[in-house]
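Asks: Quick check, what structure comes out for this input:
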Amino acid sequence: MVKVLHINATECTGCHQCEMACSYHHEGVFNPSKSRIKIFNFEETGRNVPYVCTQCADAWCLQACPVDAISVNADTGAKEVTAEICVGCKVCTIACPFGTINYNSVSTKVDKCDLCGGEPDCVKVCPTTALSFIEAENAGMEKMRHWAEKTDAGNQANS
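Replies: Residues are numbered from 1 along each chain as shown. So this is what the prediction gives:
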């Protein structure tokens, strides 16, 4: 069963532990700027929102790569960059509508989430339920429940 990284932004405290775990896993250093997951801080509302590659079904990055350096991992479903093939042209960074592929000036290649081979370190260190790794078919259920409850509460208030 394919799993997906699920983000519950309302639970994010902005601790940046996910960024640290990711940068250490992939780069061997604790440096948020080298992380493949980022925390966006909405200062005016005091909210923090993790954002990371959503592993799109119709991955524009994969389709845009002129050298086929991005492929689907059959075990995890992650769209992964093969560094030995990547020429660092950055076309995938332009194609990604979410801005979750980054150019690495040290390696001169691109980096994106690879789900840590099916055991995302960001999920392991998240002290809240902001990040979880769930079966893909269940990923939309929580959102549907949330909106159903919100709609139901709104209908009850209007009654």
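
Asks: if I look at the closest residue to T13 other than its chain neighbours, how far off is T82?
Replies: For T13, the nearest residue in space outside its immediate sequence neighbours is T128; the separation is 6.1 Å by C-beta to C-beta, 6 or more residues apart in numbering. For the C-beta atoms, the positions are set from N, CA and C on the backbone; glycine is no exception. Applying C-beta to C-beta, to the nearest Å, one obtains 34 Å for the distance of T128 from T82.

Asks: related to what we said a few turns ago, you'd agree the residue nearest to T13 is up against E11?
Replies: Yes: taking C-beta atoms under 8 Å as the definition, T128 is a contact partner of E11 at 4.3 Å.

Asks: my guess is the residue nearest to T13 is in a strand, correct?
Replies: No: assessed with DSSP: H, G, I helix; E, B strand; the rest coil, T128 is coil; it does not lie in a strand.

Asks: which residues touch it?
Replies: For T128, the contact set (C-beta atoms under 8 Å, 6 or more residues apart in numbering) comprises E11, C12, T13.
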